[in-house]
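>>> next comes the sequence, and after it the predicted model I'd like to discuss.
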Amino acid sequence: MNICKVGIIGAGSIAQKMADTLNRMENAIAYGIASRQLEKACSFADKFNIPHAYGSYEELVADKEIDLVYIATPHSLHYEHARLCIEHGKPVLCEKAFTANVRQAKALLKLAKEKKVFITEAIWTRFMPFSKTIRQLLDDGIIGTPSMLTAGLSYAVAHKERLFKPELAGGALLDLGVYPINFALMAFGNDIENITSACVKNEYGVDAQNSITFRFKDGKMAVMQSSMLCAGDRHGVISGDEGYIIVDNINNPQQATVYSKGHEIIKQLHCPAQITGYEYEVEASIRALQEGVLETKDMPHEETLRIMQILDELRSEWGVQYPMDFE
């Protein structure tokens with residue numbers, strides 16, 4: 001594979017960001033865009049100079065030229081669209097949250113394994129080189145022994161239909177809460193002993209904002225918040241006995257500032273130049289396809305399932321239910 005030809009399912013804002021990214025990559029191109037409305041797909045294709053537009057998702061996955069499919073539809077449709085791709089032998093890069101629940105995730109990954117088709121979850125922070133830099137700071141002991149982490153991600157987006165409706169697997173948790181959760185797991189690992197949480201639901205019964213605390217077996221704690229009701233600072237703070245690290249934006253970290261325990265700046269690191277940040281998940285997928293493996297090293301299937309299980313348990317505790325939970 002010289003240039004990876006990527007087909008995009010869904011023509012919303014996230015798809016636009018991916019199309020823009022692909023247009024500026026050297027080893028991938030936006031080859032096709034599919035929408036349920038051909039007019040919308042054609043308009044999208046014109047805007048981003050994409051050579052092929054399809055009026056159905058079935059047409060896109062039937063195109064033999066496409067090497068990888070990026071799924072950018074609402075959470076509620078990820079299972080259906082990823083399954084369609086897998087059944088047609090198309091490798092999949094599926095936006096987060098991977099599916100609406102862990103049952104769907106297990107079914108998808110089982111099918112992908114049976115069909116020997118690549119699939120990975122497009123949680124972009126997992127693939128960013130700067131995320132690994134932050135982890136390296138911890139491994140180097142720059143703040144001594146870490147013991148506490150706080151992280152939050154909030155945007156005033158409660159008016160968006162895909163966020164407020166349960167039939168679209170809405171709520172702050174699946175759209176925003178996955179970022180502080182992933183930030184915590186990347187920093188502290190996944191040996192969680194206990195989870196406590198609380199949420200405020202909207203009139204449709206999904207979580208409008210939430211607070212989650214992980215207690216790890218080694219005594220570390222992570223306190224996380226997400227909200228679709230307000231704007232937040234997006235900061236992540238990792239604290240140790242010799243200092244702390246402040247990450248400016250856990251959704252797309254650009255800067256990490258290390259402070260001593262006396263609150264003096266001792267080091268400041270900046271994210272290397274990037275296209276949009278989406279390129280890293282595409283590059284990881286291309287490498288996996290070249291190596292003939294069915295998952296990426298940055299976001300292995302086991303980790304996707306672990307997080308989906310956590311999301312399910314949190315929703316169960318809050319009484320947040322989706323129609324697909326009963327299918």
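Structure's in. What do you need?

>>> contacts only, for Met252.
Small correction: residue 252 is Asn, not Met. For Asn252, the contact set (C-beta atoms under 8 Å, 6 or more residues apart in numbering) comprises Trp124, Thr125, Met128, Gly277. Where C-beta positions appear, they are placed from N, C-alpha and C, glycine not excepted.

>>> confirm it sits in a helix?
No: under DSSP: H, G, I helix; E, B strand; the rest coil, Asn252 falls outside any helix and is assigned coil.

>>> could you check how far it is from Ala100?
25 Å (C-beta to C-beta, to the nearest Å).

>>> also Ile250?
Counting by C-beta to C-beta - Ile250 and Ala100 are separated by 23 Å.

>>> more crowded one of the two?
Legend: neighbour count by other C-beta atoms under 10 Å for Ile250 and Ala100, higher for Ala100 (28 against 24).

>>> now name the helix or strand holding Leu77.
helix 75-87 (DSSP states H and E).

>>> all strands of the stretch 101-250 of the chain, in order?
119-122, 146-154, 192-201, 207-216, 221-227, 236-240, 243-247 (DSSP state E, counting those that start in this stretch).

>>> just name the most buried of these.
strand 119-122 (a mean of 27; mean count of other C-beta atoms under 10 Å).

>>> about what we covered before: and the helix holding Leu77, what does it pack against?
helix 57-62, strand 68-71, strand 92-95, helix 102-115, strand 119-122 (3 or more C-beta pairs under 8 Å, 6 or more residues apart in numbering; DSSP states H and E).

>>> do that again at 6 Å, thanks
Other elements packing on helix 75-87 under the criterion 3 or more C-beta pairs under 6 Å, 6 or more residues apart in numbering; DSSP states H and E are strand 68-71, strand 92-95, helix 102-115.

>>> closest to Gly32 out of those?
Minimum separation from Gly32 across the helices and strands packed on helix 75-87 (C-beta to C-beta) falls at strand 68-71, 8.9 Å.

>>> quick one: strands adjacent to the closest one?
Next to strand 68-71 in the sheet, as set by DSSP bridges, lie strand 4-9 (parallel), strand 92-95 (parallel).

>>> residues contacting the last one, please?
Contacts of strand 92-95 with the rest of the structure, by C-beta atoms under 6 Å, 6 or more residues apart in numbering, involve Val69, Tyr70, Ile71, Ala72, His78, Ala82, Cys85, Ile119, Thr120, Glu121, Ala122, Ser285.

>>> low pLDDT regions in the protein?
Within the chain, the stretches with pLDDT under 70 are 1.

>>> ok, the most far-flung residue of it relative to its centre to Gly243 distance?
Note on the chain: the largest C-alpha distance from the chain mean falls to Gly262, namely 35.1 Å (C-alpha atoms, centre = their mean). Distance from Gly262 to Gly243, counting by C-beta to C-beta: 8 Å.

>>> now the common contact residues for these two.
Joint contacts of Gly262 and Gly243 (C-beta under 6 Å, 6+ apart) do not exist.

>>> make TSV out of the helices and strands packed on helix 75-87 and add distance to Arg315 and mean neighbour count.
Formatted as TSV, the helices and strands packed on helix 75-87 follow (distance: least, C-beta to C-beta, whole Å; neighbours: other C-beta atoms under 10 Å):
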stretch	distance to Arg315	mean neighbour count
strand 68-71	21	26
strand 92-95	19	26
helix 102-115	10	17
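
>>> relative to Val200, which of these is closest?
helix 102-115 (23.8 Å).

>>> returning to what we had before: show me the two of the contacts of Asn252 that sit farthest apart.
Thr125 and Gly277 (8.3 Å).

>>> more neighbours: the two, which one.
Comparing Thr125 with Gly277 by other C-beta under 10 Å, the one with more neighbours is Thr125, at 24 against 19.

>>> OK, contacts around that one?
Thr125 is in contact with Ser131, Asn182, counting by C-beta under 6 Å, 6+ apart.

>>> Glu121 contacts Thr304, correct?
Yes: here Glu121 reaches Thr304: they are 4.7 Å apart, a contact under C-beta atoms under 6 Å.

>>> find residues that contact each of the two.
Joint contacts of Glu121 and Thr304 (C-beta under 6 Å, 6+ apart) are Phe98.

>>> could I get the phi/psi values of the spatially most central residue of the chain?
Nearest to the geometric centre of the chain sits Ile123, at 2.3 Å (C-alpha atoms, centre = their mean). Dihedral pair for Ile123: phi -90, psi 90, per degrees, to the nearest 10.

>>> Ser131 is in contact with that one, correct?
No: with contacts counted by C-beta under 6 Å, Ile123 stays clear of Ser131, the gap being 10.3 Å.

>>> kind regards, and thank you for your time.
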